[in-house]
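S.K.: Here's my sequence, what's the structure:
(one chain, ligands or ions: 1)
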Amino acid sequence: MSSLSEALETFRAILEEMPATLQALTDRDAGRQRGPGKWSRKEILGHLIDSASNNHQRFVRMQLYEGLDLPGYSQDEWVATQRYQKRPWQELIDLWLGYNRHLWHVMQHVPGDALGRTATVSGTWVTLEFLMTDYVVHLEHHVRQIAGPR
Ligand code: NI
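M.R.: Below is the predicted model:
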């Protein structure tokens, strides 16, 4: 995936296809442990909600200000702290889908001259265009895990 336009096309396809994939899993399937030290599908979707919420902040803040110093998030601690494993699968689907439909909308409306805005995230300089493209690369990686063999 090399460009933002390709990333947006991938994002659109994920939003179209994922609801059926997610709905096909029962609550029990989604909560099943996938191996030692691995997240269940509920926890993977929870991690994607954390990715959406953290990146939402970045996508909006970077349009408003140049040169911000933005925090990262420690993914395992976020997943464990929020007890995603205890939430009903359907509620996680609804939250993930609603959040990502909004992020899709936000990404569609970023003006071209804001794409080069820079900030540090966990101390590393990045552009808004890189972060939005990388968001979809990361999303696609985990979507494959969720859709993969049970
Ligand atoms: Ni991840």
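
S.K.: Going by C-alpha atoms from here, please, whenever you check contacts or count neighbours.
M.R.: Noted.

S.K.: The helix or strand encompassing residue 51 - what's its average pLDDT?
M.R.: For residue 51, the element it lies in under DSSP states H and E is helix 41-64. On average, the pLDDT along helix 41-64 is 98.

S.K.: so what does the helix or strand containing residue 107 touch, helix or strand wise?
M.R.: Element membership for residue 107, per DSSP H and E: helix 89-108. On a contact count with 3 or more CA pairs under 8 Å, 6 or more residues apart in numbering; DSSP states H and E, helix 89-108 meets helix 4-23, helix 27-31, helix 41-64.

S.K.: between these, which gets nearest to residue 100?
M.R.: Closest approach to residue 100 among the helices and strands packed on helix 89-108 is made by helix 41-64 (6.8 Å; CA to CA).

S.K.: could you give the angle of the closest one to helix 4-23?
M.R.: For helix 41-64 against helix 4-23, the angle by axes from the mean of the first three to the mean of the last three CA atoms, to 10 degrees is 150 degrees.

S.K.: Need the residues that contact helix 41-64.
M.R.: Residues outside helix 41-64 that contact it (CA atoms under 8 Å, 6 or more residues apart in numbering) are 29-32, 68, 70, 73, 75, 78-79, 84-85, 87, 89, 92-93, 95-96, 99-100, 103, 106-107, 110, 114, 117-119, 128, 131-132, 135, 139, 142, 146.

S.K.: which of those residues count as buried?
M.R.: 30-31, 68, 70, 79, 84-85, 89, 92-93, 96, 99-100, 103, 107, 114, 117-119, 128, 131-132, 135, 139, 142, 146 (16 or more other CA atoms under 10 Å).

S.K.: Residue 27 against residue 89, yeah?
M.R.: Yes: under the criterion of CA atoms under 8 Å, residue 27 makes contact with residue 89 at 5.2 Å.

S.K.: hey, what's in contact with both of those two?
M.R.: Contacts common to residue 27 and residue 89, judged by CA under 8 Å, 6+ apart, are absent.
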